[in-house]
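# pasted the sequence and its predicted model underneath.
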Amino acid sequence: MLSIAVIGFQAAIVASLLVARVLGGLFNKPALLVGVALAWTAFTFAFVFASPLILLQLCVIWGVTAWLTPKSDTTVRGPAAAARPDFLDALTENDEAWLTHFQDRCESPAELAFLDAMASAFNLTPNRGRLQGDGLSLRLQVPVLSYRLDFLVDDDLVVEIDGALWHSSPEAKARDAARDKALSAEGYRILRVPARIALYKPAEAVRRVRQAQAEWRAQTGEPGPGIPARPAEADPWAQITDWIPLPDHGRKDPAVTLAPSSGLVAPDRDDFLKRVAEQSEEALRVLKIDLDRASERPNIFEEMIEGHERRGR
């Protein structure tokens, strides 16, 4: 039977290995545990060699060492797992939380918002590493040439989500222009969506994708696979100012009328924008005056409509 002294000595060995494991973890020195185990091994051969206890002591030393050694976790989870092409290729709509694995590939909140909006708008589901649905396919973080595309729609429309921090400087704009030129030479179309739009107005980002696809199909004559582009909405202010009686009794001065159909090309952009702003302010001022007079002239709106009809004849 083992004596109390022998058992106590083995307990001391175990305690020293436990202390080495704790200290190694605190000071980020994993080799400390193995060093203590080697020291006990040398002690065993030096002082207990040829003893019947040698096998027991060696088993205690290395058995406890193997038990305490941190195990390396080879399981890939989170973004690292989603970044593996074979991982996404295996996903189907029957997999639990499949969208989460695609979301892990997004590199910003704006990209995440855009992905969620696209998945909802087109009923996207995973299919061999991409998302497909309602006649549209979407891939994420696609390597092309020396670039990595944020999103690739239908294998030819590059969608880049541009944050102001990385894309607003002159150098960044020059890099983006060179990138767009290189991708265009390879047959890709480029749609750049500001990050603030993707993040705060994701529906608008989706609309821009629809519009880009609709315009491309109109140019190529390809039938649209169930992806209708939202018709352009008329500017409500343009409709109002068309029939609001201006101070000169409804006559518009063609010199200051900035209608899109006039073909006006402003020689200076700032001057053009200034004139547009001035005309808008004038129209709003006149509208406010007319609304203030409405209580005094109950039939003012009928008069305005009649004036508009007379000008249209």
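Good, I have the coordinates. Numbers count the residues shown, from 1 in each chain.

# domain assignment for this protein?
Here the domain parsing of the chain from automatic domain parsing is 4-68, 78-220, 236-312.

# looking at the ones you listed, which is buried most?
domain 78-220 (a mean of 16; mean count of other CB atoms under 10 Å). For every residue, glycine as well, the C-beta is placed using N, CA and C.

# how about the helices in the stretch 51-200 of the chain?
54-68, 78-82, 85-89, 98-103, 109-121, 164-167, 170-185, 195-200 (DSSP state H, counting those that start in this stretch).

# pick out the shakiest of these, pLDDT-wise.
Mean pLDDT per stretch puts helix 78-82 lowest among the helices of the stretch 51-200 of the chain, at a mean of 45.

# circling back: so which of the helices of the stretch 51-200 of the chain comes closest to R21?
R21 lies closest to helix 54-68 among those, at 4.6 Å (CB to CB).

# return the list of helices and strands in contact with that closest one.
helix 4-26, helix 31-47 (3 or more CB pairs under 8 Å, 6 or more residues apart in numbering; DSSP states H and E).

# could you dump the ones you listed to a markdown table with distance to E282 and mean pLDDT?
Shown next, in a markdown table, are the helices and strands packed on helix 54-68 (distance: least, CB to CB, whole Å; pLDDT from 0 to 100):
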| stretch | distance to E282 | mean pLDDT |
| --- | --- | --- |
| helix 4-26 | 74 | 84 |
| helix 31-47 | 80 | 82 |
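
# and the ones you listed as CSV, adding distance to F102?
Below are the helices and strands packed on helix 54-68 laid out as CSV (distance: least, CB to CB, whole Å):
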stretch, distance to F102
helix 4-26, 36
helix 31-47, 40
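
# which one, of those helices, ends up nearest to R196?
That would be helix 4-26 among those, by CB to CB, at 44.6 Å.

# tell me the angle of that closest one relative to helix 31-47?
150 degrees (axes from the mean of the first three to the mean of the last three CA atoms, to 10 degrees).

# for this structure, which strand is longest?
strand 136-144 (DSSP state E).

# tell me which strands that strand pairs with, and in which orientation.
strand 130-133 (antiparallel), strand 147-153 (antiparallel) (DSSP bridges).

# which helices and strands does the host helix or strand of Q211 pack with?
Assessed by DSSP states H and E, Q211 sits inside helix 202-220. Packing partners of helix 202-220 (3+ CB pairs under 8 Å, 6+ apart): helix 109-121, strand 157-162, strand 189-194, helix 195-200.

# noted, bye for now.
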